[in-house]
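Engineer: Below: sequence and its predicted model.
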Amino acid sequence: MSKEVQQVKPVSSRKFVSVDPSKCTGCGICEYVCASEKCEHWTPLGSRIRVIRITPMLNAAMTCKFCEDAPCVKACPEKALTQGENGVLTVDEKKCSACDWCIQACPYGGIALDPETRKAIACDLCAGEPKCIDSCPEEALELVSDGEANEKAFTAALEKIPAEIERLNNIVKKREWGTLMVEAEDRAKKTTQKLEAINKRKSQPEKPKPT
């Protein structure tokens with residue numbers, strides 16, 4: 001099969017979901033709420049955002065960055081991917097052959113195959129109001145437009161790891177377990193509140209769409 005390069009339109013109003021790794025705890029609620037919104041039959045594999053647990057000290061939620069010169073679009077041999085002016089990808093399911101070239105081409109792990117349809121899927125920003133951002137109990141996610149600032153934030157989080165390891169090491173040496181318990185309890189409370197809000201929203205009947 002010959003590979004014909006797909007032409008990519010310039011992105012003029014790019015915004016994407018960014019994570020602050022120094023805040024991300026790897027709880028996976030963003031995956032849960034995304035899959036709940038996007039999947040007919042709920043499965044975490046259907047989430048458009050994926051939590052990468054790099055080390056116990058470093059977690060990051062990764063999703064489509066709507067690249068300026070999207071390599072996934074250019075890689076698709078079937079021309080099944082197109083990109084709007086805001087960078088959001090559109091997948092022509094009739095053309096998508098599940099070859100996974102787009103997945104291999106993406107440098108951010110932002111595109112995947114739907115576990116049921118076996119068609120490419122990526123973040124669509126939930127019509128401009130990403131549900132994952134509101135669901136994050138640590139407020140680690142935000143909508144940004146500056147890719148360079150996003151990379152700097154990730155680098156800054158890496159640089160904080162040694163200091164955080166030293167802080168935890170001192171707590172353990174002094175046997176100040178109460179400090180860790182308070183921190184864990186605070187995270188658990190915030191996580192519980194977010195899950196309750198998500199489940200409450202899911203249980204409410206959908207409003208009829210205007211005709």
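Structural biologist: Received, thanks.
Engineer: my guess is residue 37 contacts residue 131, does it?
Structural biologist: Yes - with contacts counted by C-beta atoms under 8 Å, residue 37 reaches residue 131, the gap being 5.3 Å. C-beta: built from backbone N, CA, C; applies to glycine.
Engineer: Now do the same for residue 142: helix, strand or coil?
Structural biologist: The local conformation at residue 142, judged by DSSP: H, G, I helix; E, B strand; the rest coil, is strand.
Engineer: okay, it: pLDDT?
Structural biologist: pLDDT, residue 142: 92.
Engineer: Apart from its chain neighbours, what residue comes closest to it?
Structural biologist: Excluding its sequence neighbours, the residue lying closest to residue 142 (C-beta to C-beta, 6 or more residues apart in numbering) is residue 18, at 5.7 Å.
Engineer: Burial check on that neighbour, number of neighbours?
Structural biologist: 22 (other C-beta atoms under 10 Å).
Engineer: So what touches the one helix or strand it maps to?
Structural biologist: According to DSSP states H and E, residue 18 maps onto strand 16-19. Here strand 16-19 makes contact (C-beta atoms under 8 Å, 6 or more residues apart in numbering) with 49, 60-66, 87, 123, 125, 130, 132-133, 140-145, 150, 153.
Engineer: Now, these that are in strands?
Structural biologist: Under the assignment DSSP state E, these contribute 60, 61, 62, 141, 142, 143, 144 to strands.
Engineer: Tell me which residues are up against the following helix or strand past the strand holding residue 18.
Structural biologist: Next in sequence after strand 16-19, counting helices and strands by DSSP H and E, comes helix 29-38. Helix 29-38 is contacted by residues 42-51, 61, 121, 126, 131-132, 135-137, 141, 191, 194-195, 198, 202 when judged by C-beta under 8 Å, 6+ apart.
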